[in-house]
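In: following is a predicted model, sequence given first.
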Number of protein chains: 2
Amino acid sequence: MRLEDEIKQTSFQSEGQKAYLNIVFTSGWLTLRQAAAFRPYGVTLPQFNVLRILRGQHPKPATVALLIDRMLDKTSNASRIVDKLEEKKLVTRTVCPGNRRAVDIRITAAGLDLLRQIDDSGVLVAAQTGMSTLSDSEFQQLNYLLDKIRA
Amino acid sequence: MRLEDEIKQTSFQSEGQKAYLNIVFTSGWLTLRQAAAFRPYGVTLPQFNVLRILRGQHPKPATVALLIDRMLDKTSNASRIVDKLEEKKLVTRTVCPGNRRAVDIRITAAGLDLLRQIDDSGVLVAAQTGMSTLSDSEFQQLNYLLDKIRA
DNA sequence: CTACATTTAATGTATGTACACTAAATTTGC
DNA sequence: GCAAATTTAGTGTACATACATTAAATGTAG
């Protein structure tokens, strides 16, 4: 749907201003759909993303610093997201033996199970059906333009 | 900067998956810059956006429902954003005489002053310098692609 | 006119975001 | 070897987001 109709604004200062609003609005639109898809599994989107990073490391542990490095949202508080996952027994936290400042974070069997369930359900794919309306070359063009904005 | 480098991920399931991450990441990147620009003025980005909607209505009042309709983030809690603005005396809230369920929200002289200050400062333009790296036709292409995703 | 439904805003609760600050462990420079 | 700097997590606080629920005013059907 055209941005103009979504936010009931008919004129914009510039195409750039409109593009800014469009990026932020589309991001929210997509995130809302993703979050809804995960809700039945009892994890939020940031929690899911941390779990996926941990699975990528498995069976090696990750530190909080590594999570921050790989997270989309660098300023989000990885500690507190790990808190929630620990409460749900999806991850474990142990002081790193080699460096007692750091904390080794590992995904548990239950965590791996949950990710497998979500993978199998196709929920992730379904949540991105909004994303299936573009061709591969259009996606590439989009990625090119977004990367260029942050040049 | 390439998304791959920003989030240290070298492979993606598909261009669509990568585009999804790119939209969300770029949105966060832009929002962070905008928020920093407003901080000296003591308002947050959602608060600023509500103020702008109210200026657009001025001198007519707006209701909470109208704010939600025009906001980028429909599920954000307009009531509480108005709370903050009211505390800062940037808006007023009065029960709507014609419909006592509704609340008339108006921007105050101080609110208009603040917006004028922000406009004059060029802060908004400066915050969007990240957005100046694309040509108009590239922005148009970007808008087209984003609208198509939400088709 | 009254009972029920709908509209409108506000509130409650859990989570996440942004940023400053703290505290402990380690590294570095002398 | 020790003092200062740095690294690493965690905490505190303010704000926003997401969604369910409440409460009051209004509309509507009988």
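Out: That came through, no problem.

In: what's the burial count for the residue of chain A found nearest DNA strand D?
Out: Closest contact between chain A and DNA strand D, by CB to the nearest atom of the strand, is at A:Thr63 (2.6 Å). (Glycine included, C-beta is placed from N, CA and C.) Around A:Thr63 there are 17 other residues, counting by other CB atoms under 10 Å in any protein chain shown.

In: which ones are touching the residue most central in space within chain A?
Out: With distances taken as CA atoms, centre = their mean, A:Asn49 lies nearest the centre of chain A, 4.8 Å away. By CB atoms under 8 Å, 6 or more residues apart in numbering or on different chains, A:Asn49 lies in contact with A:Met71, A:Leu72.

In: one more pass at 10 Å, please.
Out: Going by CB atoms under 10 Å, 6 or more residues apart in numbering or on different chains, A:Asn49 touches A:Gln34, A:Val43, A:Leu67, A:Arg70, A:Met71, A:Leu72, A:Asp73, A:Ser76, A:Ile81, B:Leu21.

In: A:Val50 now?
Out: For A:Val50, the contacting residues are A:43-44, A:62, A:67, A:70-71, A:76, A:78, A:81-82, A:84-85, A:90-91, A:105, A:107, A:111, by CB under 10 Å, 6+ apart.

In: still on that earlier bit, now, which of the contacts of A:Asn49 sits nearest DNA strand C?
Out: Using CB to the nearest atom of the strand, A:Ser76 comes nearest to DNA strand C of those, at 2.7 Å.

In: now the element after the worst-scoring helix or strand of chain A on mean pLDDT, going C-ward?
Out: Every helix and strand in chain A was compared by mean pLDDT, DSSP states H and E; the lowest is helix A:123-127, with a mean of 72. Once the chain leaves helix A:123-127, the next helix or strand it forms, by DSSP states H and E, is helix A:136-149.

In: can you list the buried residues in that following helix?
Out: For helix A:136-149, the neighbour count (16 or more other CB atoms under 10 Å in any protein chain shown) marks A:Glu138, A:Phe139, A:Gln141, A:Leu142, A:Asn143, A:Leu145, A:Leu146, A:Asp147, A:Ile149 as buried.

In: surely A:Ala19 and B:Gln141 touch.
Out: Yes. Using CB atoms under 10 Å, A:Ala19 makes contact with B:Gln141 at a distance of 9.5 Å.

In: so for those two, which residues contact both of them?
Out: Jointly contacting A:Ala19 and B:Gln141 under the rule CB under 10 Å, 6+ apart are A:Leu145, B:Leu134.

In: show me where chain A has strands.
Out: For chain A, the strands defined by DSSP state E occupy A:91-95, A:103-107.

In: helices along chain A, start to end?
Out: A:3-6, A:15-38, A:45-57, A:64-70, A:78-87, A:109-121, A:123-127, A:136-149 (DSSP state H).

In: and those, which one is worst for confidence?
Out: The stretch with the lowest average pLDDT out of the helices of chain A is helix A:123-127, scoring a mean of 72.

In: tell me the residues of chain A that contact DNA strand D?
Out: A:28, A:31-32, A:35-36, A:39, A:63-66, A:77, A:79-80, A:82-83, A:93, A:99, A:101-103 (CB under 7 Å from any atom of the strand).

In: so how do I select the buried members of those in PyMOL?
Out: A single PyMOL command selects the buried members of the residues of chain A next to DNA strand D (16+ other CB under 10 Å):
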select buried, chain A and resi 28+31+63+64+66+82+102+103
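
In: contacts with chain B among the residues of chain A next to DNA strand D, please.
Out: A:Gly28, A:Thr31, A:Leu32, A:Leu66 (CB under 10 Å from any CB of the partner chain).
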